[in-house]
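Colleague: everything below, folded, please.
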Amino acid sequence: MKTIISTLAVAVILALLGFAYAWSGYYNVGADVPHWPATYRFLDMARDRSIEHQAESISVPKLDDPALILKGAGQYAAMCTGCHLAPGMHDSELRAGLYPQPPVLGQEPIDPREAFWVIKHGIKLTAMPAWGATHDDQTIWSIVAFVRKLPGMTPAQYKDIVAKAPPDEDMDMGHDHDDMPSH
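Modeller: Next comes the predicted model:
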């Protein structure tokens, strides 16, 4: 019993010290100062596990439809390249100031359920917005469909598909968010 009380007392003291440190303002939240390595690893793990868990029950629609991929190309070019880059891009002014750095999409295959969840809901304390507030599920799936095609795409192929993409009609803010299943 003494061990349990001692452990709880230590936990409460550590929590109070952590709160006092945060309250003091000494922890630098500037995006130009990296987290401590242990903090970064913890936040990275928490983000990855949360996304995996939240995306588990999402049903993936057919993503090989050329029209869906084409729509996603236009959406990606308009909303994503500043942070996630495009074939032939090496950096951007916006991306250079972000911490943590967003992943460069197209370097590795993605899990479509996780990508859909991240695009729709965003990620707290990063620059990743919740596009579900302004885009319906079908549009978000179009971005996922396109991002799946990015690995191996040349800059010329990217420019060609973006040039053929339809205009963005989703910014009217008055659309239905339930066009396609998300879980």
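Colleague: neighbours of residue 132, just the number please.
Modeller: Applying other Cβ atoms under 10 Å, we find 18 residues neighbouring residue 132. C-beta coordinates here come from the backbone N, C-alpha and C atoms, glycine included.
Colleague: from residue 48, how far off is it?
Modeller: Using Cβ to Cβ, to the nearest Å, we find residue 132 at a distance of 20 Å from residue 48.
Colleague: can you list phi and psi of residue 59 for me?
Modeller: Backbone torsions of residue 59, given as degrees, to the nearest 10, read phi -90, psi 130.
Colleague: cool, and residue 107?
Modeller: According to degrees, to the nearest 10, residue 107 has phi -80, psi -30.
Colleague: phi first, then psi, for the closest residue to residue 127 other than its chain neighbours.
Modeller: The shortest distance from residue 127 to any residue other than its chain neighbours is 5.3 Å, reached at residue 98 (Cβ to Cβ, 6 or more residues apart in numbering). Backbone torsions of residue 98, given as degrees, to the nearest 10, read phi -90, psi 140.
Colleague: pLDDT score assigned to residue 98?
Modeller: The model reports residue 98 with a pLDDT of 94.
Colleague: again with the one 4 residues further on
Modeller: The predicted structure scores residue 102 at 95 on the pLDDT scale.
Colleague: which residues does it contact?
Modeller: 83-84, 95, 126-128 (Cβ atoms under 8 Å, 6 or more residues apart in numbering).
Colleague: from residue 122, how far off is it?
Modeller: On the measure of Cβ to Cβ, residue 102 and residue 122 end up 12 Å apart.
Colleague: overlap in contacts, these two.
Modeller: Overlap of the contact sets of residue 102 and residue 122 (by Cβ under 8 Å, 6+ apart) consists of residue 128.
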